[in-house]
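Engineer: turn this into a structure:
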Amino acid sequence: MFMERKAVKIYTAPDNLQAEMILEVLGKNGIPGYKRDLGAAGIMNLYTGNSTFGEEIFVAEEDVPKAAELLEGMGLEAERKAPSGD
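Structural biologist: Next comes the predicted model:
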């Protein structure tokens, strides 16, 4: 049986390069995550290899505290630092 996990946005990276670096750090620390392109970022990533439209980074709600700690270790500030009480 699969447990449903709520995805939470923790950071908006300015470009694809930073988003990929963040996902790499999260993954190496056992935190699965994904990015969502903003605007025409997906097309720009295809044609130019990078985009400055921005990329939203998401992790499971229960991983937010550890993910925020990892972001801070990279010199970045997470948009969410703790799970919501919903």
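
Engineer: now for this protein, the helix or strand with the poorest mean pLDDT.
Structural biologist: helix 41-48 (a mean of 56; mean pLDDT, DSSP states H and E).

Engineer: just checking, what packs against the next helix or strand after it?
Structural biologist: As assigned by DSSP states H and E, the chain's next helix or strand after helix 41-48 is strand 55-60. Counting contacts by 3 or more Cβ pairs under 8 Å, 6 or more residues apart in numbering; DSSP states H and E, strand 55-60 packs against strand 7-13, helix 16-28, strand 33-37. Backbone N, C-alpha and C define where each C-beta goes, glycine included.

Engineer: in the sheet, who's paired with the nearest residue to residue 36 once chain neighbours are set aside?
Structural biologist: Closest residue to residue 36 apart from its sequence neighbours, by Cβ to Cβ, 6 or more residues apart in numbering: residue 56 at 4.6 Å. Taking DSSP bridges as the rule, residue 56 bridges to residue 12, residue 36.

Engineer: count of residues packed around residue 56?
Structural biologist: 17 (other Cβ atoms under 10 Å).

Engineer: same thing with residue 35?
Structural biologist: Quick note: residue 35 (other Cβ under 10 Å) scores 21 neighbours.

Engineer: pull the contacting residues for it.
Structural biologist: Residue 35 makes contact with 13, 16, 19, 20, 23, 55, 56, 57, 58 under the criterion Cβ atoms under 8 Å, 6 or more residues apart in numbering.
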